[in-house]
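**Q** Structure, please.
(chains A and B)
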Number of protein chains: 2
Amino acid sequence: MIPEKMREVLTHDGVVAIATLGQDGPHMVNTWNSYVRISDDGRILIPVGYMHRTEANIAFNNQVLITLGSRKVTGNMGPGTGFLIKGTAGIENSGPDFDLTKAKFAWARAVMAVTADSIEQTL
Amino acid sequence: MIPEKMREVLTHDGVVAIATLGQDGPHMVNTWNSYVRISDDGRILIPVGYMHRTEANIAFNNQVLITLGSRKVTGNMGPGTGFLIKGTAGIENSGPDFDLTKAKFAWARAVMAVTADSIEQTL
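**A** Model prediction:
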């Protein structure tokens, strides 16, 4: 289940960070809150532009960590909230999720579909 | 050297992500752009409130990845820029950097001082 507050964060400007672990160690890339969509079945869909090292890491180890937040959404400690998502990721370059992503983000070469194993509100 | 554009990002609202690698795998925490200071000698200083797992990971492996960005600063591809910092971190709970941090953030129990080994503008 995607928390309502996380959906609220995604309506505000902000940076998403995605960490993966490859043979060469951890790697991190960013995307924007506004690029992230939640599918009807609750997966987190992120358009993939570059992210070549992230894609290679996911092929090696499909566990990802994602953080996102907004200073403009009230959290547990006042202004600002953030989420830490642990999930299982796949990179898809065909299929309905890819088609929807491509329709909105013409530059997307694939979509990262993340099934959240846990979502923790950190602030 | 800290790029001017990164300093500009830090003047805008935004989420910073810090990834560490421990014995249990990668972990990620967030802080806010506005909490980050750059010391006169170019280290990145981040107040530590909770971050217990991050601290334990740094004791195990002091290499950290940090991302930060802002949609409000122009990057290489239009609105929005981001940075990926690879650095070496230490947690300090005394000394001049800690005192300055504590003076500004009374809740800080320590300061994370990061020496950047590389800073890459990713967007």
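**Q** Give the other helices and strands that whichever helix or strand residue A:8 is part of contacts.
**A** According to DSSP states H and E, residue A:8 maps onto helix A:4-10. Packing contacts for helix A:4-10, counted by 3 or more C-beta pairs under 8 Å, 6 or more residues apart in numbering or on different chains; DSSP states H and E, involve strand A:63-75, strand A:78-92, strand A:110-121. (C-beta placed from N, C-alpha, C; glycine too.)
**Q** Of all the residues in chain A, which one is nearest chain B?
**A** Using C-beta to the nearest C-beta, the closest approach of chain A to chain B is made by residue A:17 at 3.3 Å.
**Q** per-residue pLDDT, the closest residue to that residue other than its chain neighbours?
**A** Leaving aside its chain neighbours, residue A:17 sits nearest to residue B:17 (3.3 Å; criterion: C-beta to C-beta, 6 or more residues apart in numbering or on different chains). Residue B:17 is assigned 97 on the pLDDT scale.
**Q** picking that back up, specify the beta-bridge partners of the residue of chain A closest to chain B.
**A** Using DSSP bridges, the bridge partners assigned to residue A:17 are residue A:30, residue A:67.
**Q** How about the contacts made by it?
**A** Shown in contact with residue A:17 (C-beta atoms under 8 Å, 6 or more residues apart in numbering or on different chains): A:28-30, A:66-68, B:15, B:17, B:19, B:28, B:30, B:67.
**Q** Need the max-distance pair from these.
**A** The most widely separated members of those, counting by C-beta to C-beta, are A:29 and B:30 (15.5 Å).
**Q** More neighbours: which of those two?
**A** Between residue A:29 and residue B:30, counted using other C-beta atoms under 10 Å in any protein chain shown, residue A:29 has the larger neighbour count: 25 against 21.
**Q** Test my guess that that one contacts residue A:54.
**A** Yes - Residue A:29 lies in contact with residue A:54 (C-beta atoms under 8 Å); the separation is 5.1 Å.
**Q** list residues touching both of these two?
**A** Joint contacts of residue A:29 and residue A:54 (C-beta under 8 Å, 6+ apart) are residue A:18.
**Q** What residues does chain A have near chain B?
**A** Selection of chain A residues close to chain B by C-beta under 8 Å from any C-beta of the partner chain yields A:13-15, A:17, A:19, A:21, A:25-30, A:32, A:63, A:65-72, A:80, A:82, A:84, A:122-123.
**Q** Please name the residues that touch residue A:56.
**A** residue A:22.
**Q** Look at it and give its secondary structure.
**A** helix (DSSP: H, G, I helix; E, B strand; the rest coil).
**Q** Quick check: it vs residue A:29, distance?
**A** 12 Å (C-beta to C-beta, to the nearest Å).
**Q** isn't there a helix covering residue A:97?
**A** Yes - under three-state DSSP, residue A:97 sits within a helix.
**Q** and the closest residue to it other than its chain neighbours, what pLDDT?
**A** Spatial nearest neighbour of residue A:97, excluding adjacent residues (C-beta to C-beta, 6+ apart): residue A:111 at 5.2 Å. Per-residue confidence (pLDDT) for residue A:111: 98.
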